[in-house]
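Asks: Dropping the sequence and predicted coords here.
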Amino acid sequence: MVLEPGGLIAWLIVGLIAGGLASALTGNRAGCLGSLILGLLGGVVGGFLFSLLGVRGEVGFIGSILVALIGALILIVLGRLILR
């Protein structure tokens, strides 16, 4: 995704959806703002990990949600391991 005015809105929507899905799948109660932050950070983590695996290029809206969801799930798991 490109970070333009329209792209920024898309990033926020992807972050909110991915964070909400990750919270729902793990039983994490992050709230709306927490889900948004989790999804945005998950997008960064997921994008970094997928680039390390050699997956590059445009993935579209659904692909962006999946990448951010995977990153958000990783963040939740790591957070739970650290806070134990």
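Replies: Arrived safely.
Asks: Test my guess that residue 26 contacts residue 76.
Replies: Yes: between residue 26 and residue 76 there is a contact at 5.1 Å, judged by CB atoms under 8 Å. All C-beta atoms are positioned from the backbone trio N, CA, C, and that covers glycine.
Asks: Looking at the two, which one has more neighbours?
Replies: residue 76 (20 against 15; other CB atoms under 10 Å).
Asks: Which pLDDT value belongs to the more buried one?
Replies: If you check residue 76, the pLDDT there is 92.
Asks: Name the helix or strand for it, please.
Replies: Assigned by DSSP states H and E, residue 76 belongs to helix 60-83.
Asks: can you list contacts of that helix?
Replies: Outside helix 60-83, the residues that touch it by CB atoms under 8 Å, 6 or more residues apart in numbering are 1, 10, 14-15, 17-19, 21-23, 25-26, 28, 38-50, 59.
Asks: From residue 84, how far out is residue 46?
Replies: 23 Å (CB to CB, to the nearest Å).
Asks: should've said residue 39
Replies: 24 Å.
Asks: Report the distance from stretch 53-67 to the chain centre.
Replies: Mean C-alpha position of stretch 53-67 versus that of the full chain (CA atoms, centre = their mean, to the nearest Å) differs by 11 Å.
Asks: what about residue 46 and residue 84, which has more around it?
Replies: Using other CB under 10 Å, the more surrounded residue of residue 46 and residue 84 is residue 46, with 24 against 5.
Asks: Run a quick neighbour tally on the closest residue to that one other than its chain neighbours.
Replies: Nearest non-adjacent residue to residue 46, counting by CB to CB, 6 or more residues apart in numbering: residue 71, 2.8 Å away. Applying other CB under 10 Å, we find 25 residues neighbouring residue 71.
Asks: This completes my enquiry, with thanks.
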